[in-house]
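Q: Could you look at this predicted model? Sequence included:
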Amino acid sequence: TSPSRRMLVIFLFGLAILHGSVINLMPVMFSTMAETFHVDKAQQGMLKSCFFAGLMVSLVISGYLTRYLGARRMSVLAGIVAGAGAIFFGLAPTYALVLAAAGVLAMGTAPFPTVYAAVIAAKFPHTRQRMYMWIYGVLAGSAAIAQIVLGSLLDVVPCYNPIFVGLGTFIWLWMVLVLAVGWRALGGTMGTAPSERRSEEKIV
């Protein structure tokens, strides 16, 4: 395995750890918000609906954005939005803003599978099935650990706000670390502007 491919594997696994840690914390976060704001079951359902609405919007556009921006810049954008959503969760003073935070957090985490697909298709074409299996295995493992850690913290910390603000900060720091490892190796993973693609098509 070449050094660049090793860096890409670390990048993908690092992204999977973050993806699993964030998106699978939702059940714990939702129950915490419901208890804090004393909302009924219908309002709890609204929180989940806002989260999945954010997922839907982001998934619809993430393929095009990844194609246009490339895996590097799409990862940066997704990490910024996801971190902001988690911090928004921690600071939201009303339940209406909590609903908005759920949508923002979902919009930040939804593009990660598109980034996996872009990187694997461009850099691991002959081992793509195996890479997807490993990525989602790492994602599932991080999800299991993250929910236990968050639940334990919420049991002992009297206020949830710093936990979610810390989560957002962790997302940003983790994305910086992961991108620092894989930045050079990610070069050329999509990111061709439409005008450049048209020029390429004319040449062909």
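A: Looks like it arrived, so ask away.
Q: quick one, what contacts the closest residue to M26 other than its chain neighbours?
A: Distances taken as CB to CB, 6 or more residues apart in numbering place F51 nearest to M26, at 6.2 Å, with adjacent residues excluded. Using the backbone N, CA and C atoms, a C-beta is placed for each residue, glycine as well. With contact set as CB atoms under 8 Å, 6 or more residues apart in numbering, F51 has these partners: M26, A102, G103, L105, A106.
Q: now A144
A: A144 touches nothing, counting by CB under 8 Å, 6+ apart.
Q: what's the pLDDT at it?
A: With respect to pLDDT, A144 has a value of 87.
Q: if you go through the chain in chain order, where are the helices?
A: 3-23, 26-37, 41-91, 95-109, 112-123, 128-156, 161-182, 194-203 (DSSP state H).
Q: Highest mean neighbour count out of those helices?
A: helix 95-109 (a mean of 22; mean count of other CB atoms under 10 Å).
Q: and that one, what does it pack onto?
A: helix 3-23, helix 26-37, helix 41-91 (3 or more CB pairs under 8 Å, 6 or more residues apart in numbering; DSSP states H and E).
Q: mean confidence score for the first one?
A: Read it as helix 3-23. So the average pLDDT for helix 3-23 ends up being 91.
Q: quick one: it to chain centroid distance?
A: The chain centroid and the centroid of helix 3-23 are separated by 11 Å under CA atoms, centre = their mean, to the nearest Å.
Q: Would you check which pair of the contacts of F51 lies furthest apart?
A: Largest separation among the contacts of F51 by CB to CB: M26 and G103, giving 12.1 Å.
Q: picking up where we left off before, for the contacts of F51, which one is nearest Y136?
A: M26 (17.5 Å).
Q: can you list the helices and strands packed on helix 95-109 in JSON lines and add distance to F112?
A: Formatted as JSON lines, the helices and strands packed on helix 95-109 follow (distance: least, CB to CB, whole Å):
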{"stretch": "helix 3-23", "distance to F112": "4"}
{"stretch": "helix 26-37", "distance to F112": "15"}
{"stretch": "helix 41-91", "distance to F112": "6"}
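Q: Any idea which of the helices of the chain gets closest to G188?
A: helix 112-123 (7.0 Å).
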